[in-house]
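1. Predicted model follows, preceded by the sequence.
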There are 2 protein chains.
Amino acid sequence: MNVRTLCLAILSFGESTGYEIKKQSVDGKFSYFVDASFGSIYPALARLEADGLVTSRQEIQPGKPPRKIYAITDAGQAALVEALSEPPGRDIFRSEFLLIAMCAKSLPQHVVTGAIEARIQAIEEEVEQLRHVVAELDDEAAIWTAQYGVTCKAQALANLRETRADLEKLAGSRLSNTNANAAE
Amino acid sequence: MNVRTLCLAILSFGESTGYEIKKQSVDGKFSYFVDASFGSIYPALARLEADGLVTSRQEIQPGKPPRKIYAITDAGQAALVEALSEPPGRDIFRSEFLLIAMCAKSLPQHVVTGAIEARIQAIEEEVEQLRHVVAELDDEAAIWTAQYGVTCKAQALANLRETRADLEKLAGSRLSNTNANAAE
DNA sequence: TCAAACATGTATCGGTTCGATATATGGACG
DNA sequence: CGTCCATATATCGAACCGATACATGTTTGA
């Protein structure tokens, strides 16, 4: 899932600026399963325009930086469908928290407990924010997607709450002197 | 979670080669929440060795390419604890499948159905493989982590099975002529 | 039977992407 | 009244992925 396809997908829901595309992929309806930085979005948009898959027009507003509004073309729409029609790649999941969990035995208890609590709070916020997104959506497919995310995240949170004590019990059981010094 | 920390974490469970580290992060007990390629592992190991956080010895076996076996040092163990003691970054989840789900209305039904079925099969395989991993583990923290993954994945699979029909109903409802041509 | 495919193993290279930063301006907040 | 935050575009270095090259032994199958 390269950034060009992502931009096309977001633009297929309506015209937008580079800044708004970034926001959509961080806070908006695409937020929980994609991610993109300015460093990849702006070059991607430039290349899409050069390839004729999007068009841009400049909106000059007095006293504000001008907005460069991008819109998808018919060729872009076709390219999007073509890209999404190929067998999708595997989902990617990366978790620093689970790396900490793996190494729990070598870590001081407070580090493990702190990581669990941070993780719980992070999921809570994500669920809360996704519920917000769901409430404001009108596209049924987008609602399905966000709702699926809410359900999965809420379950992951419940699992963590139920089993966290088992992990915390293990924390520090392989803690060496060397670690004790480094920890604080 | 940079690759250097990942290498240290894997090496903290025992000495290993670059090739085996890659395998652990793709098939093994770290497989479902980390990922690293040779292009990042080998340079990372070289730098870790230069920094004195790991050591290496060459094992020459007749009729086979020599193995370069890395082991973590005390300094490396301390650096690992230090790195994992910092507040963990957010979990990252990326899904090409969910991007397809988002765009379901613009896609032909067979594409959406195909993506769902591919996704179901992929999760089934992942759960199956993780169960295998759990069965062969002895470290309790590693078992906790893998078990957490099994539970979450199994729930995500159940959710998908329960709601897939709703998504499939939406497929193609915004399908334009342009798309119809591009799809096949 | 013998080639093709695959597993082990190290390593590099091009292209993509991240994270931080620069630049510019208006509004909010204490 | 200065500092921070939101809007907005854009670039740069570092990190990283995916593919590939190389070398060799084993397994698989037409």
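-> Received it, and whenever you're ready, just let me know what you need. The structure displayed is predicted, hence computed values, not measured ones.

2. and chain A, what are its domains?
-> A:3-85, A:96-183 (automatic domain parsing).

3. For DNA strand C, which of those is the nearest?
-> Taking Cβ to the nearest atom of the strand as the criterion, domain A:3-85 is the member of the domains of chain A that comes nearest to DNA strand C, at 2.1 Å. All C-beta atoms are positioned from the backbone trio N, CA, C, and that covers glycine.

4. Output the helix or strand where A:Arg4 lies as CSV, restricted to C-alpha atoms.
-> Following DSSP states H and E, one finds A:Arg4 within helix A:3-11. Written as CSV, here are the backbone C-alpha positions of helix A:3-11 (Å, rounded to 0.1, in the frame of the first residue of the first chain):
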residue,chain,number,x,y,z
VAL,A,3,1.4,6.5,-0.5
ARG,A,4,0.3,7.2,-4.0
THR,A,5,-2.5,4.7,-3.8
LEU,A,6,-3.5,6.1,-0.4
CYS,A,7,-3.7,9.6,-1.8
LEU,A,8,-5.9,8.4,-4.7
ALA,A,9,-8.1,6.6,-2.2
ILE,A,10,-8.6,9.6,0.0
LEU,A,11,-9.1,11.9,-3.0
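
5. all helices for chain A, in order.
-> Counting by DSSP state H, chain A has helices at residues A:3-11, A:18-24, A:38-50, A:74-85, A:96-102, A:109-136, A:140-170, A:177-183.

6. Report the mean per-residue pLDDT for the fourth one.
-> Model confidence over helix A:74-85, given as mean pLDDT, is 95.

7. next one: the second one
-> Mean pLDDT, taken over the full extent of helix A:18-24, equals 95.

8. Give me the distance from it to the chain's centre.
-> Relative to its chain's centre, helix A:18-24 lies at 13 Å (Cα atoms, centre = their mean, to the nearest Å).

9. gap between A:Ala158 and A:Ala171?
-> According to Cβ to Cβ, to the nearest Å, A:Ala158 and A:Ala171 sit 21 Å apart.

10. before we move on, back to that, does DNA strand C sit close to the helix holding A:Arg4?
-> Yes. Helix A:3-11 reaches DNA strand C (Cβ under 7 Å from any atom of the strand) through A:3-4.

11. Contacts for that helix, please.
-> A:16, A:21, A:24-25, A:30, A:34, A:36, A:40-41, A:44-45, A:47-48, A:53-54, A:70-72, A:76-77, A:79-80, A:83-84, B:99, B:102-103 (Cβ atoms under 8 Å, 6 or more residues apart in numbering or on different chains).

12. List buried residues within those residues.
-> A:16, A:21, A:24-25, A:30, A:34, A:36, A:40-41, A:44-45, A:48, A:53-54, A:70, A:72, A:76-77, A:79-80, A:83-84, B:99, B:102-103 (16 or more other Cβ atoms under 10 Å in any protein chain shown).

13. For DNA strand D, tell me which of these show up nearby.
-> The overlap between the buried ones among the contacts of helix A:3-11 and the neighbours of DNA strand D (Cβ under 7 Å from any atom of the strand) is empty.

14. that older thread, now that we have the domains of chain A, can you turn them into CSV and tack on distance to B:Ile120?
-> Shown next, in CSV, are the domains of chain A (distance: least, Cβ to Cβ, whole Å):
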stretch, distance to B:Ile120
domain A:3-85, 17
domain A:96-183, 13
